Each structure stands twice: as structure tokens, then as C-alpha cells.
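Enquirer: Give me a model of this one.
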Amino acid sequence: MKTAIWLYLFIFVAFFDLHAQYPILSPFALSLGATPSFIGLILGVYSITHLPGNLLAGYGVDRYGSKKFLVVSLIAAGFLLIFQARVTAPWELLVIRSISGFVLAFLSPACLAMLAKIARDQIHQGKLMSGNGLVHTLASVVSPAAGAVLVAKFGFTASFSILGWGLVATGILAIFGLKEPGVIHEKEAVAAVANVRAQPEAESIPWLFFLIPLGMSCAQGILFFELPLMQSVQASILTSGILFSLVSLGALLTLSLLFLNRYSAYIRTLLGCLGLAMIFFGMSVNWSIPLYVSLFLIGMAKGIILPSISTLLANITSRNRYGRAFSLLSIAFSIGAFLGPILAGQLRLEVSPYFIAFLSLMIGITLLPLGRIRPAIST
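Expert: Predicted coordinates for the structure are as follows:
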């Protein structure tokens, strides 16, 4: 449990720094002279460079453990943010963000694999994953507004420097605070192997499963691209930060409903994605619900989906393959987060980006392979 507490602390600080950039990256790129389409590329390339990092992280975490990758990822990302504070042209920002995407690709698989390994059983696993989502959301509630306040008070250069040094300090602290989960005993290993043999799905996760995280991150990438560029938001970076925080507050509400963990992770994933798709469809047709309410509802749906996806994947994966499984999950998130801003930047004059978000989610829901994953689910 001590390891989980330390891990939650480092996750909080890391994601606080990362989410604080959401409302300020697009205005920062605009201040450097970037066009909307180039801003979409800047946001998207960060995610696509996750892919080689995710592939390396999957095998690396399974072989060498999570701690090394957590520490190096945090420290390297911090120094890149410090360099980012000094860029003077859009292409320089593009290069820094692409390198950051690779470096931070190791963070999520390492965190999720460590949490999954320290769990006693599937129910405990679900609670730890919900705790990860709760800490992540707590950090993202205040960080967008905090990032906007930092820029308003100190400017872009000082703000990125402050955030960068925060990540470096967190990485150094992780060296002393985190302890790698011990190797399971021989009897436990035999039991784990027997359990895997009894559940063949654990070794062959259906590829269509990953369309759900891909569609969700595509929709989220579209929102992160589109929201700061809205006319009602452009006048104030602080307004943008507050709106991003509303999404996190919605997620915090549903993550706090701990009784939801008693229900099937599959059902939670399916219903959460369906609700999220309907919200984006409503936004695409300019429904009468105010923007701040829509964003809060988006957050509520995210608070249901994110921990349920991680729990579902852990339930159908054997212990010795957690690193690879969660790296594939991160790859799906990365591809979606790359496609979202790119599609929004290129097609926003022809079709509502929010309709693209709706389509991406509905495709994932429609093709979710119920028959192949449900037998392995008992929660």
C-alpha cells in the first residue's frame, strides 16, 4: 500500500504539470506565428511520437520493472519543458513536442503496470485503477486554471520553466520514494500460469478492443484542439483554463462514486462511451445545453470510462504481460490523440469537429468484441 501512495503522489504532480499546458499551448503556438492547421500538427505529433516509446515501454517494463522508466521519463520531460520555454519559432516547438511525446510514452504503461502488479485480486485491481483515475482527475481539476494563471502572471517562458523544474524534482524524488514490486513466489507463479491457461483470452486480446480507447482519445484530442480556439474563449486564456477544469470536475464526480466498481467493467465502458458519443453529437448540432454543462457531462463520462478500460484490460491479461498490454492501450490512446487534432485542424471548415468525435466513438462501440472478452470478465 505504501508503494501505491507514493505512486499516486508522483502521478498527481506529473499530471498536474502536463494538464497545466492544455489551455496555454495553442495560444503559445499562435504567439509564435503558427496557423491553426500547424497547431493541430504540433498537438498531434506529440501523440504520434508516443508510438515507438510505447512499443519499447511494453517490453522494457515487463523485463526491467517500472521504476527506472518512471524516473527517467519524468526527469527528461522536465528538461524538455525548460527548453520549450525558450523556443522562438513554431517549428522549434514542433520538435520539442515530438521529443516530449516519445519520452512521456513510458510514463503511463509503467504506472499502470506497477499498480496492476501490487493488486491482491481483481477487485483490488479495480480499486487501484479507480484510485489512479481519481488522482489523475484531481490533478487535472486545478491544473488548467493554474496554467492559465501562471501565464497571465509570469508569461509563457517563466510558466514552462516552473512546470519543467517541477517535473525534474518529482523524478528525483521518485528515485527514493518508489519501490519496485517484488517478484511473485513460486506457488503464486504456478497459480498465475494455471489461471492464464484457464482463460485463453488473457493471451490474445482482440485488436478491436483497442478501438474504444482510440476513439475516446480522438474525441478528447478534438476537444483539446477546438476549445481554446472558440471565439468565446480566445479573449481570455483564463476562461479556457476554467473550461478545461470543468471537464475534470465532472470526471471527479463519477470517480468518487466508488459503488460503480461493483458493476461489470465491460458495461461501464460501453455505457460511458455511448453517453460520451451522444454529448459530442449534441455539441455538433449546437444543442441548447450550455457549453459549461456539456463539458461537465463529458468529464462525467470520462470518469466512468478511463478506470473501467484499465480494469477490463487487467482482467483479461496475465501478470507477466501487463507491460505489453498497457503499452498497447497507450498506443491506442496515442494514435487517437494524434488523429483528433489533425482531423479537426484540416476539416473544421467542412464539418463540425465534434461530429468527427461522435463518429470515432460510435465506431469503437459498434465493433467492440463482446463475445471474445466477456467470458474473461467476472466483475
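
Enquirer: Secondary structure element holding the closest residue to G164 other than its chain neighbours?
Expert: In space, G164 comes closest to L81 once its chain neighbours are excluded; the distance is 3.2 Å by C-beta to C-beta, 6 or more residues apart in numbering. The C-beta positions use only the backbone N, C-alpha and C, and glycine is treated the same way. Here L81 sits within helix 67-84, counting by DSSP states H and E.

Enquirer: Other residues contacting that helix?
Expert: Counting by C-beta atoms under 8 Å, 6 or more residues apart in numbering, helix 67-84 makes contact with 10, 14, 17, 57, 60-61, 93, 96-97, 99-100, 103-107, 109-111, 114, 160-161, 163-172, 174-175, 178-180, all of which sit outside it.

Enquirer: give me that answer again for 6 Å
Expert: With C-beta atoms under 6 Å, 6 or more residues apart in numbering as the contact definition, helix 67-84 has outside contacts at 14, 96, 99-100, 103-104, 106-107, 110, 160-161, 163-164, 167-168, 170-171, 174-175, 178, 180.

Enquirer: Just the buried subset of these, please.
Expert: Buried residues within those, counting neighbours by 16 or more other C-beta atoms under 10 Å: 14, 96, 99-100, 103-104, 106-107, 110, 160-161, 163-164, 167-168, 170-171, 174, 178.

Enquirer: element containing S100, please.
Expert: If you go by DSSP H and E, S100 is part of helix 90-103.

Enquirer: Which strands and helices lie in contact with that helix?
Expert: Helices and strands touching helix 90-103, as assessed by 3 or more C-beta pairs under 6 Å, 6 or more residues apart in numbering; DSSP states H and E, comprise helix 36-48, helix 67-84.

Enquirer: What is the subsequent helix or strand relative to the helix or strand of the chain with the lowest mean pLDDT?
Expert: The least trusted helix or strand in the chain, going by mean pLDDT, DSSP states H and E, turns out to be helix 186-198, with a mean of 41. Past helix 186-198, heading to the C-terminal end, the next element that is a helix or strand (DSSP H and E) is helix 211-226.

Enquirer: can you list contacts of that next one?
Expert: With C-beta under 6 Å, 6+ apart as the contact definition, helix 211-226 has outside contacts at 22, 40, 43, 280, 309, 329, 332-333, 335-337, 339-341, 344, 353, 357, 360-361, 364, 367.

Enquirer: That one: how far from the chain's middle?
Expert: Put simply, helix 211-226 sits 10 Å off its chain's centre (C-alpha atoms, centre = their mean, to the nearest Å).

Enquirer: Repeat that for stretch 76-86.
Expert: Its chain's average C-alpha position is 20 Å from that of stretch 76-86, according to C-alpha atoms, centre = their mean.

Enquirer: Using CSV, write down the CA coordinates of it.
Expert: As requested, C-alpha coordinates have been extracted for stretch 76-86 and formatted as CSV (Å, rounded to 0.1, in the frame of the first residue of the first chain):
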residue,chain,number,x,y,z
ALA,A,76,13.7,14.1,-19.2
ALA,A,77,10.2,15.5,-19.7
GLY,A,78,11.0,18.3,-17.2
PHE,A,79,14.2,19.3,-19.0
LEU,A,80,12.3,19.4,-22.3
LEU,A,81,9.7,21.7,-20.8
ILE,A,82,12.6,24.0,-19.7
PHE,A,83,13.9,24.0,-23.3
GLN,A,84,10.4,24.6,-24.6
ALA,A,85,10.2,27.8,-22.6
ARG,A,86,13.0,29.2,-24.9
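
Enquirer: pLDDT of that stretch, averaged?
Expert: Per-region confidence: stretch 76-86 scores 90 on mean pLDDT.

Enquirer: What are the buried residues along that stretch?
Expert: Taking 16+ other C-beta under 10 Å as the neighbour-count basis, stretch 76-86 is seen to contain the buried residues 76-85.

Enquirer: Select, out of the helices and strands packed on helix 90-103, the one closest to S294.
Expert: When those are compared by C-beta to C-beta, helix 36-48 sits nearest S294, at 20.9 Å.

Enquirer: Other residues contacting that closest one?
Expert: Counting by C-beta under 6 Å, 6+ apart, the neighbours of helix 36-48 from elsewhere in the structure are 26, 29, 90, 93-94, 97-98, 101, 225, 334, 337-338, 341-342, 345.

Enquirer: of all those residues, which two lie farthest apart?
Expert: Across those, the two lying at the largest distance from each other (C-beta to C-beta) are P90 and S334, at 21.8 Å.

Enquirer: ok, these two, which is more surrounded?
Expert: Between P90 and S334, counted using other C-beta atoms under 10 Å, S334 has the larger neighbour count: 26 against 20.

Enquirer: Just give the nearest non-adjacent residue to that one, would you?
Expert: By the measure of C-beta to C-beta, 6+ apart, the closest residue to S334 outside its immediate chain neighbours is H50, 3.4 Å from it.

Enquirer: Strands of this protein, start to end?
Expert: Chain-ordered strands for the chain, with DSSP state E as the definition, do not occur.

Enquirer: Go through it and flag its longest helix.
Expert: helix 122-154 (DSSP state H).

Enquirer: Can you check the pLDDT for the residue nearest to L74 when sequence neighbours are not counted?
Expert: Beyond its immediate neighbours in the sequence, the residue positioned closest to L74 (C-beta to C-beta, 6+ apart) is G171, lying 3.2 Å away. In the predicted model, G171 carries a pLDDT score of 88.

Enquirer: that older thread, pretty sure the residue nearest to S334 sits against V103.
Expert: No - shown here, H50 and V103 do not form a contact pair, counting by C-beta atoms under 6 Å, at 9.6 Å.
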